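>>> sharing a sequence plus its predicted fold:
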Amino acid sequence: MTTADSSVQKRSEVFNRGPPDRLQTIAGLMRSERVNVGRRAALAVAFGWLPLAAFAAAQTMSMHEGAFASFATDYGVHARSLIAAPLLIIAEAVCAPRLSAVAAHFTSSGIVAPLDEPAFDRIVKSTLRLLDSLVVEAVLLALAAGIVVALWLWLPLGAFPRWHGIKATSAAGWWQNFVSAPILLMLVLGWIWRIALWMRFLFLVSRLRLQLIAAHPDHACGLRFLGISVQAFSVVAFAMSVIIAGAAANRVMHDGASILSFQFAILGAVILALVVFVGPLFVFMDPLIATWQRGILEYGALARGIGMHLERKWLLQPPSPNALDAPDFSAATDLYSIAANAYDMNVIPFTLMNIAALVVAMLLPFIPVVLMSVPFSEIVHKLAGVLL
């Protein structure tokens with residue numbers, strides 16, 4: 001493989017790796033050529049959720065207590081280990097390749113100037129090195145372990161569900177604290193690290209000499225493809241929202257809390273998602289504003305010149321019978337439509353549809369919680385009142 005081919009491959013796969021991939025590679029769960037997303041998602045459930053159900057059932061049968069019933073109605077643990085954990089792995093096959101495609105498009109489309117391609121490749125290499133660092137994964141693993149131990153030591157006894165036992169004295173509680181929780185935390189921290197490096201990547205690329213076109217039909221100088229990243233992150237946002245919704249469901253069902261008591265938490269989660277997943281794209285505002293200002297001046301001058309030529313030729317003399325067949329008018333119309341693109345340009349490289357996809361992904365997990373808190377008969381009555 002030539003150096004050029006190697007650079008192209010790295011650009012197209014830059015975000016395909018990330019924590020905890022190195023640890024999973026060492027464990028034999030994945031190889032560079034086969035990521036085994038489905039298998040790893042199934043194993044996350046097999047190791048993170050199934051043992052909890054088995055231990056809770058065994059505890060109920062041996063001690064004749066309600067451990068399994070407590071586990072079955074713990075919506076938080078199902079949200080975390082049965083849904084969110086495998087989803088965060090599946091997101092590697094959905095989100096990561098799209099981020100890599102967006103990254104590669106900077107050079108394949110010519111947006112990065114040829115003179116800056118070596119600098120772009122250095123950004124890609126440093127990103128790959130940080131994503132594939134065993135040291136980083138070890139630090140994240142230590143951080144996950146520290147969080148688990150801190151919660152185990154400092155949370156009050158009332159915070160632990162019945163099936164959990166007192167301070168992880170039951171097998172189910174021990175497994176939850178020292179196996180299931182670390183699995184989920186490593187996946188969450190891995191995505192946080194990916195997102196941080198995505199922000200870094202965008203910031204560094206925005207500092208390069210970008211060849212932007214003010215009259216580009218996407219009305220964002222050719223950068224609107226960046227909105228794909230917002231939609232790609234919807235899977236990650238959904239998984240994170242599932243974790244929050246599971247905790248809310250427990251409060252609604254077991255403590256009698258109203259769904260309205262979580263409205264600010266839900267709003268805060270949506271705002272945080274917008275800041276994290278949409279906010280990084282604002283680093284391109286400076287080059288977009290500069291291109292917009294230049295485009296208005298240059299395309300405005302061009303349109304004015306063509307307009308003056310058109311008026312001198314056709315308005316300062318009697319109408320000619322050949323006027324309807326002249327190509328001047330259609331050419332001027334085409335030019336004006338191109339100049340209008342420059343005037344109508346946006347200085348943000350995403351659309352409301354990109355944001356809507358992210359917001360919907362954040363809100364979907366809360367629909368079951370709403371249905372839990374509102375009686376079905378009341379929902380039917382409200383619907384009937386609207387439809388009839």
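Done, it's in. Since this is a predicted model, take the numbers as computed values, not measurements.

>>> elements contacting the helix or strand hosting K125?
K125 belongs to helix 117-131 when assigned by DSSP states H and E. In terms of contacts (3 or more CB pairs under 8 Å, 6 or more residues apart in numbering; DSSP states H and E), helix 117-131 is packed against helix 3-12, helix 85-108, helix 181-206. C-beta: built from backbone N, CA, C; applies to glycine.

>>> average model confidence for the longest one?
Looking back up the chat, that one is helix 181-206. The pLDDT scores in helix 181-206 average 95.

>>> after it, next one along is what?
Taking DSSP H and E, what comes next after helix 181-206 is helix 227-232.

>>> just how off-centre is that next one within its chain?
7 Å (CA atoms, centre = their mean, to the nearest Å).

>>> now stretch 264-277
The chain centroid and the centroid of stretch 264-277 are separated by 12 Å under CA atoms, centre = their mean.

>>> ok, G222 - contacts?
If you count contacts by CB atoms under 8 Å, 6 or more residues apart in numbering, G222 has them with 109, 111, 212-213, 216.

>>> can you turn the buried part of those into a ChimeraX selection?
Provided next is the ChimeraX selection string for whichever of the contacts of G222 are buried by 16 or more other CB atoms under 10 Å:
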select :111,212,213,216
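
>>> just to revisit the earlier point, list the buried residues of the helix holding K125.
Applying 16+ other CB under 10 Å to helix 117-131 flags 117, 119-121, 123-124, 127-128, 130-131 as buried.

>>> only C-alpha atoms, please: export it in CSV.
The C-alpha trace of helix 117-131 is given here as CSV (Å, rounded to 0.1, in the frame of the first residue of the first chain):
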residue,chain,number,x,y,z
GLU,A,117,-3.4,18.1,3.4
PRO,A,118,-0.1,17.2,5.3
ALA,A,119,-1.5,19.2,8.2
PHE,A,120,-4.8,17.5,7.9
ASP,A,121,-3.1,14.1,7.9
ARG,A,122,-1.2,15.0,11.1
ILE,A,123,-4.6,15.8,12.7
VAL,A,124,-5.9,12.4,11.6
LYS,A,125,-2.8,10.6,12.9
SER,A,126,-2.9,12.3,16.3
THR,A,127,-6.7,11.5,16.5
LEU,A,128,-6.1,7.9,15.7
ARG,A,129,-3.3,7.7,18.2
LEU,A,130,-5.4,9.1,21.0
LEU,A,131,-8.4,6.9,20.1
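
>>> orientation of that helix relative to helix 181-206 in degrees?
170 degrees (axes from the mean of the first three to the mean of the last three CA atoms, to 10 degrees).

>>> identify all contacting residues around stretch 97-117.
8, 11-16, 120, 124, 198, 201, 205, 208-212, 222-223, 225-226, 228-229, 231-232.

>>> make it 6 Å
11-16, 120, 208-211, 225, 228-229, 232 (CB atoms under 6 Å, 6 or more residues apart in numbering).
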